[in-house]
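Engineer: fold the following.
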Amino acid sequence: MIPTFVFVHGSGSSGHSWSATQREMASRGHRTLAIDLPGRGAGFTTAYHEQDLETFATEPSVMSGLTSDDFARPVIDAVQRVRHHGPVVLVAHSFGGLPVTAAANAIPELIDRVVYIAAQCPVDRAPGEYPALPEWSSSALFPATAPLLVGDPSRQGFVRVNWRGADRAQRDALRKAISGELTEEQFLQVVVTSQPDEVFWLTGQDWDRRADKDSWGRIPHTFVRLTEDRSMPLAAQDLYIAEGDALTPDNPFDVRDLASSHAGFFRRPAGLAGILDDLSVRAGAGSR
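Structural biologist: Numbering: from 1, shown residues only. Prediction:
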């Protein structure tokens, strides 16, 4: 049977980020669905567009009231809907690994494979504990975004980033951290579509949803290592893989390498599509 690929985006992004991947997958005969996680569009206010920073800094956000359950729900709903058509391959990028892991814990019987593309897969500790580990120390993402933060996420309950306020030097630091293969002009297109507001998942018990051996552990899982990633270093990616393998030694990660920065593969979708194309054969043959 032909599987459906359900794509889940990362932080500061939306389902739109998968457009080129979906076109490439469609040209190969695959069925796909890219979902939006909650709160997309929050922060795209008049104050943000006009760079009225005083007003922008005080505007509330729907992100402040959202929970991990709110983020898992659209993933679960999407899987339940498309499952009627056959096998399901759930694909996560970056932060998207958190709601995808929660969904895999909740409905393992409906998912034929989970694919993590440099995505978070917490096993031994809460998600917010990983960025403080040595494996994350070389990440260029946090230093690049720090000057653009608006307010204190821990006090306001959400993350607000003034992407459009970045000067050339700051944009270049962001580009190198996120999509080093892109030109300055290409990266500007990323900046203008980046979501200003995002949920603050780094603290709080609510986001402590780790991969469960008896549910998540039943599902075949693949980890796509992005070998040029400067946002989630290879050491951090390998840590998620090692912890997952220790949790389910009889069902280890199927590990694939892709020569890409953290988000560069979105612009060059053929590499990822080739990996997913191969996995579709396994999912179709092994449909449960």
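
Engineer: drop to CA atoms for contacts and neighbour counts, all remaining ones
Structural biologist: Noted.

Engineer: please work out which residues outside the helix or strand of the chain with the lowest mean pLDDT touch it.
Structural biologist: Least confident element among the helices and strands of the chain, by mean pLDDT, DSSP states H and E: helix 270-285 (a mean of 86). Here helix 270-285 makes contact (Cα atoms under 8 Å, 6 or more residues apart in numbering) with 1-3, 21, 24-25, 28, 87-89, 112-113, 256, 258, 265.

Engineer: for this protein, give me the ranges with low pLDDT.
Structural biologist: 283-288 (pLDDT under 70).

Engineer: change it to 50
Structural biologist: Scanning the chain for pLDDT under 50 picks out the ranges 285.

Engineer: returning to what we had before: any chance of a ChimeraX selection covering the buried ones in the contacts of helix 270-285?
Structural biologist: Selection of buried members from these for ChimeraX, criterion 16 or more other Cα atoms under 10 Å:
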select :2,3,21,24,25,87,88,89,112,113,258,265
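
Engineer: closest to Val199 among the contacts of helix 270-285?
Structural biologist: Nearest to Val199 among these, counting by Cα to Cα, is Phe265 at 24.3 Å.

Engineer: helix or strand for Gly10, which one?
Structural biologist: Under the assignment given by DSSP states H and E, Gly10 is not contained in any helix or strand.

Engineer: residues contacting it?
Structural biologist: Residues near Gly10 by Cα under 8 Å, 6+ apart: 92-97.

Engineer: do that again at 10 Å, thanks
Structural biologist: Residues near Gly10 by Cα atoms under 10 Å, 6 or more residues apart in numbering: 17, 36-37, 92-98, 117, 119-120, 263.

Engineer: and what of Ala118?
Structural biologist: 92-97, 223-227, 229, 231-234, 236-238, 240, 258, 261-263.

Engineer: got the phi/psi numbers for it?
Structural biologist: In this entry, Ala118 is assigned phi and psi values of phi 40, psi 50 (degrees, to the nearest 10).

Engineer: any idea how far the residue lying farthest from the centre of the chain lies from Val115?
Structural biologist: Here the chain reaches farthest from its C-alpha mean at Glu54, the gap being 30.4 Å by Cα atoms, centre = their mean. Distance of Glu54 to Val115, computed by Cα to Cα, to the nearest Å: 41 Å.

Engineer: next, the angle from the strand or helix carrying Gln22 to helix 270-285.
Structural biologist: Here Gln22, judged by DSSP H and E, is contained in helix 19-27. Inter-element angle recorded for helix 19-27 and helix 270-285: 50 degrees (by axes from the mean of the first three to the mean of the last three Cα atoms, to 10 degrees).

Engineer: just the CA trace of helix 19-27, in CSV.
Structural biologist: What follows is helix 19-27, C-alpha atoms only, in CSV (Å, rounded to 0.1, in the frame of the first residue of the first chain):
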residue,chain,number,x,y,z
SER,A,19,6.4,23.1,0.0
ALA,A,20,9.5,22.2,-2.2
THR,A,21,9.7,18.8,-0.5
GLN,A,22,6.1,18.1,-1.2
ARG,A,23,6.5,19.1,-4.9
GLU,A,24,9.5,16.8,-5.1
MET,A,25,7.6,14.0,-3.4
ALA,A,26,4.6,14.4,-5.6
SER,A,27,6.8,14.2,-8.7
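
Engineer: tell me the helices and strands packed up against that helix.
Structural biologist: With contacts taken as 3 or more Cα pairs under 10 Å, 6 or more residues apart in numbering; DSSP states H and E, helix 19-27 sits against strand 4-8, strand 31-35, helix 270-285.

Engineer: now do the strands in the stretch 1-150 of the chain.
Structural biologist: 4-8, 31-35, 88-93, 113-117 (DSSP state E, counting those that start in this stretch).
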